[in-house]
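> Give me a model of this one.
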Amino acid sequence: LRSPDSRRYNRFDCQPQQVLQACTGNQLPGNRVMPHPYADIPELEQLESDRGLVRIPMEQDVPFTPRVRALVDTAAFQRLAHVTQLGLASRVYPGATHSRFEHALGVFHNALKYLRQLGKDERFCEALSSHDAEVLLAASLLHDLGHWPFCHPIEDMELPDLPSHEQFAAEFLAPDGELAEMLKAEWNVDAGEVLDILAPRSDSHSLRLARSILSGPIDVDKMDYLLRDSLYCGVRYGNYDLDRILETIEPIRDPETGDWGIGVQEGGVHAVEALVMARYYMFTQVYFNLTGKALELHFSEWLLEQGRRWPSSALDFLKHDDISAMALMRTSDSPHARAVVERLYYRLAFETAEHLSRAEREDFTNVLGDIRARFRNHALMVSNSAKDPHRLGQARVHVRHSDGSLHPLEESSQFIRHLARIERFRVYTPPEIRDEVAAAFAKVWPRSPG
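Residues are numbered from 1 along each chain as shown. From the prediction side, this is the model:
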């Protein structure tokens, strides 16, 4: 039964272990309840407790066992408290000051709920052992360790010598490091096992399944950041029915590859559609916000201008976060640093429609080249905001229909089948030439938005 406020639940007058066992729904003779396959995982047992918890928005009670605390108390994890989830978006949405620290706890919480639900299915437990499940939980908690200051704008620069934040996590998970020691002592998990989920080095059915739960079609990461970012930005674009998705997910073997993946029952299709729509709107309205993209471009230009590189040593990298990066910009004479600090950013002179055909992309590239040549004495900044919000991952999501048949989500959802790729170009200029550049584009690009 679902209450009007589905975030809050009645507490049962029994021990957490009994609640967890009751959640399996598997009965033995004499009305005895079959133990949950992952009942030996302390955080899963504590999921239904009212003790040993840390509370984070959105009214989430996250199990905080001694071994979770051991990871959270490491220097690498504590640094995440000073790396904001949305970087420079807080200069557009004042409330968006939330950190990667609480996001990591939220992803971990979702992973626990995933395991509680999927652990009811013996097929899933055969594919993912109890130890594999613990490795997944540790990875969900540590998945953002290597994030750069202001997060994704740096990775979007695609510098040839810049590893992804998942790859950089290897520095923090080195065999002789603090985290590796804690993982072994408190979790009986090798750091290399966690790293193999975050930055794949080997391959197996269980690893592919664990990776898809953390970063896949319907993963615990996006399930957290959409709701959390929406809350802190003060918008409702990211809202969807998380509980319904958790109720209707199930392990499904891909008929073509034979791999186990996360699928959904037919009754959960609309909830997944809402997740896709939430992702679509958060990208168009928040992540690709007009002013936010301008600030990100200035930040990127400042990094290139200064020739700045972050340390490759994990120990030195711990000293760098959003606060230290902003402090450097505050003391910089660069106009790009001033644009971020004092909001003296370039203004929008032109933008394409939100969805472009291949021909339109090629046309824009040609037109942009001509415009750049005409205004070669002035710097034009160009953003390309592109995303396939309905492409939930490389693996396919299958839907199990009421007659037992399996169909790809794209065939089961007309909405997802017809959702188009987001791709929008924007051109920003210094204020003094904004009108002239806008007029130049208007002459050669008569298309109306839409």
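> which secondary structure elements does the helix or strand harbouring Asp224 contact?
Using DSSP states H and E, Asp224 sits in helix 220-233. Under the contact criterion of 3 or more CB pairs under 8 Å, 6 or more residues apart in numbering; DSSP states H and E, helix 220-233 touches helix 100-118, helix 205-214, helix 242-248, helix 269-282. All C-beta atoms are positioned from the backbone trio N, CA, C, and that covers glycine.
> Need the CA coordinates for the third one. PDB is fine.
The reference is to helix 242-248. Only the C-alpha atoms of helix 242-248 are listed here, as PDB (Å, rounded to 0.1, in the frame of the first residue of the first chain):
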ATOM      1  CA  LEU A 242      11.200   6.600  -8.100                       C
ATOM      2  CA  ASP A 243       9.200   4.200  -5.900                       C
ATOM      3  CA  ARG A 244       7.200   2.900  -8.800                       C
ATOM      4  CA  ILE A 245      10.400   2.200 -10.800                       C
ATOM      5  CA  LEU A 246      11.900   0.300  -7.900                       C
ATOM      6  CA  GLU A 247       8.700  -1.800  -7.500                       C
ATOM      7  CA  THR A 248       8.700  -2.800 -11.200                       C
END
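> Need the contact partners of it.
2, 6, 110, 113-114, 117, 218, 223, 227, 264-265, 267-268, 271-272, 275 (CB atoms under 8 Å, 6 or more residues apart in numbering).
> any idea how far it is from the chain center?
Centroid separation for helix 242-248 versus its chain: 18 Å, with CA atoms, centre = their mean, to the nearest Å.
> Okay, now the sheet partners of the helix or strand that it is followed by, with direction.
Proceeding N to C from helix 242-248, the next assigned helix or strand is strand 249-253, under DSSP H and E. If you go by DSSP bridges, strand 249-253 pairs up with strand 260-265 (antiparallel).
> Which positions within the partner strand qualify as buried?
260-264 (16 or more other CB atoms under 10 Å).
> ok, now stretch 266-279?
For stretch 266-279, burial by neighbour count (16+ other CB under 10 Å) applies to 268-269, 271-279.
> Same check on stretch 276-294?
276-284, 286-289, 291-294.
> same thing with stretch 193-206?
Across stretch 193-206, burial judged by 16+ other CB under 10 Å covers 193-199, 206.
> Could you identify the least confident member of the residues you listed?
The pLDDT minimum for the buried residues of stretch 193-206 sits at Ala199, where the score is 88.
> so the helix holding Asp224 versus helix 269-282, what angle?
Counting by axes from the mean of the first three to the mean of the last three CA atoms, to 10 degrees, helix 220-233 lies at 50 degrees to helix 269-282.
> and for helix 220-233, what are the contacting residues?
Applying CB under 8 Å, 6+ apart, the contact partners of helix 220-233 are 57-58, 85-86, 89, 93, 95-98, 102-103, 106-107, 109-111, 114, 140, 143, 213-215, 236-240, 242, 245, 275, 278-279, 282, 286.
> could you check the angle helix 100-118 makes with that helix?
Calculated by the same axes, to 10 degrees, helix 220-233 forms an angle of 130 degrees with helix 100-118.
> I'd like the average pLDDT over helix 220-233.
97.
> Using PDB, write out the CA atom coordinates for it.
Provided in PDB are the C-alpha atoms of helix 220-233 (Å, rounded to 0.1, in the frame of the first residue of the first chain):
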ATOM      1  CA  VAL A 220      21.100   4.500  -9.300                       C
ATOM      2  CA  ASP A 221      23.200   7.600 -10.300                       C
ATOM      3  CA  LYS A 222      20.700   9.400 -12.500                       C
ATOM      4  CA  MET A 223      17.900   8.300 -10.200                       C
ATOM      5  CA  ASP A 224      19.500  10.400  -7.500                       C
ATOM      6  CA  TYR A 225      20.900  13.400  -9.400                       C
ATOM      7  CA  LEU A 226      17.600  14.200 -11.300                       C
ATOM      8  CA  LEU A 227      15.600  14.500  -8.100                       C
ATOM      9  CA  ARG A 228      18.400  16.200  -6.100                       C
ATOM     10  CA  ASP A 229      19.300  18.700  -8.700                       C
ATOM     11  CA  SER A 230      15.600  19.600  -9.300                       C
ATOM     12  CA  LEU A 231      15.100  20.100  -5.600                       C
ATOM     13  CA  TYR A 232      18.100  22.400  -5.100                       C
ATOM     14  CA  CYS A 233      17.500  24.400  -8.300                       C
END
